[in-house]
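Colleague: Okay, structure incoming, though there's no sequence with it:
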């Protein structure tokens, strides 16, 4: 593409994103409020969401760093292998209010939009198929160490930033059009109901 003519180099994924596993807790630690525990259900269609079904734990049991806006939430283990690997950039969360759950990975990166876009490529799909263990009724599992030893082709930092921002804008355009589509469907439904009264 015009303006993107620097050479891409092979780098280890862990030079782009630092990953850590989520919090292991017991049912006794769950309460009505406290520190939110992010799980696979907080990733919906590639977007981060907070739900009424979110779980909270006592702050005294939290022994890992809290998540930040811009961190990447990744499902690392799930009873459904098809859900392992889904990911989203965390947004709209207050500081020091949430951690990832034990079946999740959280990635911190200087350029989260670019790294998150890497997780939407065919390289990532091949990686998931090769490294997710499980089957025969066992839980599908993705190991942090398998991520850390992967190599990816990346452009210069400035191009990573530009690519990440461009793809973020496309995602926002998709969201805006989905919202517009839903409103038009509601309008159509209302018009049809009023026409045939």
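Modeller: Everything's here; your move. The structure displayed is predicted, hence computed values, not measured ones.
Colleague: wait, what's in contact with the spatially most central residue of the chain?
Modeller: Nearest to the mean C-alpha position of the chain, counting by Cα atoms, centre = their mean, stands residue 88 at 2.1 Å. Residues near residue 88 by Cβ atoms under 8 Å, 6 or more residues apart in numbering: 42-44, 46-48, 72-73, 116. Bear in mind the C-beta positions are built from the backbone N, C-alpha and C, glycine included.
Colleague: Could you do residue 108 as well?
Modeller: 17-18, 68, 70-72.
Colleague: Tell me the predicted confidence for the residue nearest to the centre of the chain.
Modeller: Per-residue confidence (pLDDT) for residue 88: 96.
Colleague: what sits opposite it in the beta ladder?
Modeller: Beta bridges link residue 88 to residue 73, judged by DSSP bridges.
Colleague: For the helix ranked longest in the chain, buried residues please.
Modeller: If each helix of the chain is counted by residues according to DSSP state H, the longest one is helix 157-195. Neighbour-count burial for helix 157-195 flags 159-160, 162-164, 168, 171 (criterion: 16 or more other Cβ atoms under 10 Å).
Colleague: Same check on stretch 58-72?
Modeller: Applying 16+ other Cβ under 10 Å to stretch 58-72 flags 61-62, 66-67, 70-72 as buried.
Colleague: now this structure, which segments are flagged as low pLDDT?
Modeller: Applying pLDDT under 70 to the chain flags residues 1, 134-138, 197.
Colleague: How about residue 149, nearest residue that isn't a chain neighbour?
Modeller: Nearest residue to residue 149, sequence neighbours excluded (Cβ to Cβ, 6 or more residues apart in numbering): residue 12, at 7.2 Å.
Colleague: And for residue 106?
Modeller: residue 100 (4.6 Å).
Colleague: Run a quick neighbour tally on the one you found.
Modeller: 28 (other Cβ atoms under 10 Å).
Colleague: Residue 3 too?
Modeller: With other Cβ under 10 Å as criterion, residue 3 counts 7.
Colleague: element containing it?
Modeller: Residue 3 belongs to no helix or strand when elements are defined using DSSP states H and E.
Colleague: Identify the residues contacting residue 150.
Modeller: 12-13, 127.
Colleague: From the residues you listed, which land in helices?
Modeller: Per DSSP H, the contacts of residue 150 map to helices at residue 127.
Colleague: Give me the buried entries from the contacts of residue 150.
Modeller: Members of those classed as buried by 16+ other Cβ under 10 Å are 13, 127.
Colleague: Can you tell me which of the contacts of residue 150 is nearest residue 95?
Modeller: When the contacts of residue 150 are compared for distance to residue 95 (Cβ to Cβ), residue 13 comes out closest, at 26.8 Å.
Colleague: hang on, that closest one packs against residue 145?
Modeller: No - applying Cβ atoms under 8 Å as the test, residue 13 and residue 145 come out as separate, 11.3 Å apart.
Colleague: Just give the closest residue to residue 25, not the sequence neighbours.
Modeller: Here the residue nearest residue 25, using Cβ to Cβ, 6+ apart, is residue 57, at 5.1 Å.
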